[in-house]
Each structure stands twice: as C-alpha cells, then as structure tokens.
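Colleague: Below is the structure, and that's it, no one-letter string:
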C-alpha cells in the first residue's frame, strides 16, 4: 500500500509541472521500489495512475467540462466558447492518436540515441523561457481566449501533444509553450493544456489498461492518492499563475525543466 500511495502522490504533483510525470513514476518504481516489470508494463502502470489526475482535472474544471458536454449533447443550447473547445479537443485528440503511431517509431531512436531526449527537452525549456521573456518585455500576457480558437490551433497543438508523448518529455511544458506562442491568455494556456490531456488519458487507458479498469487491484490506491494530491496541487499552480505575470511564470517553469535536464533528473 505504501508503494501505491507514494507513486500516486508523485503522479499527483508532477502532472501539473513541466517534467514528465510518467518518467518520474517509472524512475521511482525502478529505483526506490526495485520493480522488475518490463518497460511496457511500467509505462502502462504510469498511464493508469494518470486516471487520478484525470479525475482531479475534471473536478477542478467541472464548469468547462459541463460546457463541453453541452456542446456534444445539445449543441443548440451550447455557448460558442464550449463549441470551439470541443472542436479543438477533437482535433488535438485525433492528431495525437495518429501522431502516436509515428512517435512509437521515433521512441526507439531516443533509446539508441541517449542525448536525443535531453536535446528535445532542452529545446522545450528554451521555448518556455523565451516565451516568458517576450511576455515580460511586452508587459502583459497573451490576449487570446477559447473564443479565438481555430482549426490551425487544433492542428498545431495536436501535433505538439503527439510529439510530447516521446519518453521523458513533458506534455504540460510542451503544450504550454505552444499555447503561449499562440498568444493565449495565461489562465487559458494552463486550462487548455490540461483539458487536452483528458481525452488522451481516457482513451489510452481503455486501449492499454482495460484489464486493470475491470479489477479492484492495488493500483487503484495509487489512483486515489494521485486524485487527492492532484486536487491539492492543481489549485496551487493555478492560483500561483494568476497572481504573477505569466511571463515570469513561464520563465519559472522553463527553468525547472532546464534544471531537471542539467541534473539528469529526467534520465
């Protein structure tokens, strides 16, 4: 039980910050709990723990989820913003799924080229820091909201999210960087980044972890821990982002990612 609680807590914290929560969970399971599971089993387990933060995000963004569901079930009664987010999520989910087919092949290269992952992660950190300094220089944050979403945004972010599924890369950091460069308001940058992950996590677990979904195994303790810790930490992150210039926030999370690269924390 202790192992599940600890791994769930790691997932609940790292899901919202610009490091790979999957890599952190796998590393902890191997190095601290001496797991002998195969890499594929470890990846599937880490994906299963994402259900905890999946439900945490649903609770936290429940009003946005309600608007999206209304756009799906009663489009005539839906707000225009809800419809645009729904279309955006459909595009990003489909492209992430299709991109995953290519990423699966590229993933093999990251194992045979140990510096490839570090280089890609360094680029993401640099993009976050550059985006942050540009916003600080402009003395303001992005201006776009979900009402401004278009097909180009969906295509770009779908491809970015697909690329972020490479082992060790931060999905949150990568998508936040892309949304910032697309000039989205700071709150919506965070919100859209997290909403984008929900369909992918849900579908991914149905495809890869249906056996765990149908049984009450000890893994559910980890999911519960990830949910509780996720609820607590996502609120902290969102409040922190609201209170400061978002450019400063982007430089902050980009620096965290850069430090993780330099210290080898992602290995």
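Modeller: Thanks, I have it. Nothing here was measured: the structure is a model prediction, and the numbers come from that model.
Colleague: quick one, helices of the stretch 51-200 of the chain?
Modeller: 62-73, 80-112, 114-137, 151-163, 171-181, 186-208 (DSSP state H, counting those that start in this stretch).
Colleague: So for residue 43, which of these sits nearest?
Modeller: Nearest to residue 43, of all those, is helix 186-208, at 8.3 Å by CB to CB. C-beta coordinates here come from the backbone N, C-alpha and C atoms, glycine included.
Colleague: Next, the angle helix 62-73 makes with the closest one.
Modeller: 60 degrees (axes from the mean of the first three to the mean of the last three CA atoms, to 10 degrees).
Colleague: Show me what helix 186-208 is packed up against.
Modeller: Under the contact definition 3 or more CB pairs under 8 Å, 6 or more residues apart in numbering; DSSP states H and E, helix 186-208 sits against helix 39-60, helix 62-73, helix 80-112, helix 151-163, helix 171-181, helix 210-213, helix 219-243, helix 246-263.
Colleague: again, only using 7 Å
Modeller: For helix 186-208, the contact count by 3 or more CB pairs under 7 Å, 6 or more residues apart in numbering; DSSP states H and E identifies helix 39-60, helix 80-112, helix 171-181, helix 219-243 as packing neighbours.
Colleague: Okay, buried residues for the first one please.
Modeller: When neighbours are counted by 16 or more other CB atoms under 10 Å, the buried residues of helix 39-60 are found to be 42-57, 60.
Colleague: cool, the last one as well?
Modeller: Of the residues in helix 219-243, those buried by neighbour count under the rule 16+ other CB under 10 Å are 219-231, 233-234, 237-238, 241.
Colleague: measure residue 149 to residue 159 for me?
Modeller: From residue 149 across to residue 159, the span is 16 Å (CB to CB, to the nearest Å).
Colleague: wait, residue 212
Modeller: Per CB to CB, residue 212 is found 29 Å from residue 159.
Colleague: what's the answer for residue 152, then?
Modeller: The gap separating residue 152 from residue 159 is 11 Å, by CB to CB.
Colleague: So for those two, which sits in the more crowded spot?
Modeller: Shown here are residue 152 and residue 159; by other CB atoms under 10 Å, residue 159 has more neighbours (17 against 10).
Colleague: before we move on, the earlier item: dump the helices and strands packed on helix 186-208 into JSON lines; add mean pLDDT and distance to residue 9 as well.
Modeller: Converted to JSON lines, the helices and strands packed on helix 186-208 look like this (pLDDT from 0 to 100; distance: least, CB to CB, whole Å):
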{"stretch": "helix 39-60", "mean pLDDT": "90", "distance to residue 9": "10"}
{"stretch": "helix 80-112", "mean pLDDT": "77", "distance to residue 9": "27"}
{"stretch": "helix 171-181", "mean pLDDT": "83", "distance to residue 9": "17"}
{"stretch": "helix 219-243", "mean pLDDT": "88", "distance to residue 9": "5"}
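Colleague: Let's have these in a markdown table, adding distance to residue 201.
Modeller: A markdown table is the format used below for the helices and strands packed on helix 186-208 (distance: least, CB to CB, whole Å):
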| stretch | distance to residue 201 |
| --- | --- |
| helix 39-60 | 5 |
| helix 80-112 | 10 |
| helix 171-181 | 10 |
| helix 219-243 | 11 |
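Colleague: Give me the local confidence score for the residue nearest to residue 14 when sequence neighbours are not counted.
Modeller: Distances taken as CB to CB, 6 or more residues apart in numbering place residue 21 nearest to residue 14, at 3.9 Å, with adjacent residues excluded. Per-residue pLDDT puts residue 21 at 82.
Colleague: what's the burial count for residue 97?
Modeller: For residue 97, using other CB under 10 Å, the count is 16.
Colleague: Appreciated, that's everything.
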